[in-house]
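Visitor: Show me how the following folds:
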Amino acid sequence: MDNNFHLDSLDKKIINFLNADARMPFVEIARRCKVSGAAIHQRVGKMEEAGVIAGSSLRLNPKGMGYLTCAFIGIQVNLTATSTHDEVFNKIKKIPEIVECHHISGKYSLLLKIYTRNNEHLKKIIVEQIQSIPEITFTETFISLETGFERELGI
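Guide: Residues are numbered from 1 along each chain as shown. A predicted model of the protein is given here:
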């Protein structure tokens, strides 16, 4: 990863087009930027090499898949002499409904983002899977009522 990589205005335009639609053909981006398709290929390649672009992926809509509840869970962890953060993290990682896990500062050790079918499903996962991990001493759950916005880091 190149921390000295400089994004110019063309790079920023390319990133904004790809953020809006990662499947947009490079030829279309080139047409809109008034440059050659080869220039777009070259720029994207350089941004990938520099670690600015970390690939592309398909974004699924959880609600469209029947996951209607989104929640954030703060977790306090109390390690024993025989346990480690990695062990707790690996247990949490096995729960497929948890889509993000952040190591954070403050009151909690971890902050999770989870999608479940409904509140009953959420409760079941919290009680049966998360709180059953012996090192987890406290959880606090915040149910998202609505997503105000979501976006990639803009430039």
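Visitor: Would you verify that Leu111 is located in a strand?
Guide: Yes - assessed with DSSP: H, G, I helix; E, B strand; the rest coil, Leu111 lies in a strand.
Visitor: That one: what's it in contact with?
Guide: Neighbour list for Leu111: Phe72, Ile73, Gly74, Ile75, Cys101, His102, Ile104 [criterion: CB atoms under 8 Å, 6 or more residues apart in numbering]. Yep, even glycine has a C-beta here, placed from its N, CA and C like the rest.
Visitor: how about 6 Å then?
Guide: Gly74, His102, Ile104 (CB atoms under 6 Å, 6 or more residues apart in numbering).
Visitor: So what pairs up with it in the strands?
Guide: Gly74, His102 (DSSP bridges).
Visitor: Going through the contacts of Leu111, which ones are buried?
Guide: Gly74 (16 or more other CB atoms under 10 Å).
Visitor: just curious, which of the contacts of Leu111 is nearest to Thr147?
Guide: Relative to Thr147, the closest of these is His102; by CB to CB it sits at 17.3 Å.
Visitor: and the residue nearest the centre of the chain, what helix or strand is that in?
Guide: Nearest to the geometric centre of the chain sits Glu100, at 5.8 Å (CA atoms, centre = their mean). If you go by DSSP states H and E, Glu100 is part of strand 98-103.
Visitor: That's all I had, so thanks and see you.
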